[in-house]
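J.: Here's my sequence, what's the structure:
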Amino acid sequence: MKKTLIFALFGLLFFTSPALTGPIDKVGYIDFAKVFELYSKTKPQVTQYYSKRDEVQRKIENMQKELEALYKDLQDKGMLYSEETKSKKQEELNQKYTEYQNFVNMKGQDLMDKENTLTQAITAEIQKVVEQIGQDGGYSLILKKSDILYGSPEMDLTDILLQKLNLKDDTK
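T.: I've put the predicted structure just below:
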């Protein structure tokens, strides 16, 4: 019994020792949504992305209107058309619909790729500065605000990160 108790105490002390687990002295968090919104480098890139997205959306809406007009024409005047004309109109509608689907799929993938590229490049820059803040400030751990349930405002490093990012961006 004594041996079991000694081993249990030894194990408890050994596995909970700060030398093994490493002390967590200083913890901070970053609000990435705020950083993406206020970082000076994201604004022009996001504006460019939204411009391209809006352009694609307008093209899709025009294609939809054209499809609707062809469909309405076929529905309204289909009885008046000869079988050959009706068949050509149906074929044209099918072809336009296929073009529409291909365009939507292709441009949707292009926009997702552009968004991912934009996000990855900016995230990599942010990560470097977060690491610098962590090392310079002696932080053991820096988390995303979205991953924590509670953090006191004193632990919020978002404004410090934004200052360093925007200062770094201004000096280039």
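J.: Just the CA coordinates for stretch 54-61, please, in PDB.
T.: The C-alpha trace of stretch 54-61 is given here as PDB (Å, rounded to 0.1, in the frame of the first residue of the first chain):
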ATOM      1  CA  ASP A  54     -19.700  41.900 -58.600                       C
ATOM      2  CA  GLU A  55     -18.600  41.800 -62.300                       C
ATOM      3  CA  VAL A  56     -19.200  38.000 -62.300                       C
ATOM      4  CA  GLN A  57     -22.500  38.400 -60.600                       C
ATOM      5  CA  ARG A  58     -23.700  40.900 -63.200                       C
ATOM      6  CA  LYS A  59     -22.700  38.500 -66.000                       C
ATOM      7  CA  ILE A  60     -24.500  35.700 -64.300                       C
ATOM      8  CA  GLU A  61     -27.600  37.800 -63.900                       C
END
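J.: which residues sit against it?
T.: Here stretch 54-61 makes contact (C-beta atoms under 8 Å, 6 or more residues apart in numbering) with 100, 103-104, 107, 111. C-beta coordinates here come from the backbone N, C-alpha and C atoms, glycine included.
J.: Neighbours of Lys114, how many?
T.: Residues contacting Lys114 under the criterion other C-beta atoms under 10 Å number 15.
J.: How confident was the prediction at it?
T.: For Lys114, the pLDDT comes out at 91.
J.: and the next element down the chain from the host helix or strand of Tyr71?
T.: Counting by DSSP states H and E, the element that carries Tyr71 is helix 42-77. Moving toward the C-terminus from helix 42-77, the next helix or strand (DSSP H and E) is helix 83-137.
J.: still on that earlier bit, got the buried residues for the helix holding Tyr71?
T.: 42, 45-46, 49, 56, 63, 70 (16 or more other C-beta atoms under 10 Å).
J.: Over to stretch 33-41?
T.: Within stretch 33-41, the residues scored as buried using 16+ other C-beta under 10 Å are 35-36, 38-39, 41.
J.: can I get the residues you listed in CSV with distance to Asp76?
T.: Below are those laid out as CSV (distance: C-beta to C-beta, whole Å):
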residue, distance to Asp76
Val35, 54
Phe36, 49
Leu38, 53
Tyr39, 53
Lys41, 53
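J.: Make CSV from those residues and add pLDDT, secondary structure and distance to Glu92 to it.
T.: CSV is the format used below for the buried residues of stretch 33-41 (pLDDT from 0 to 100; DSSP: H, G, I helix; E, B strand; the rest coil; distance: C-beta to C-beta, whole Å):
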residue, pLDDT, secondary structure, distance to Glu92
Val35, 92, helix, 50
Phe36, 87, helix, 45
Leu38, 90, helix, 50
Tyr39, 90, coil, 48
Lys41, 87, coil, 47
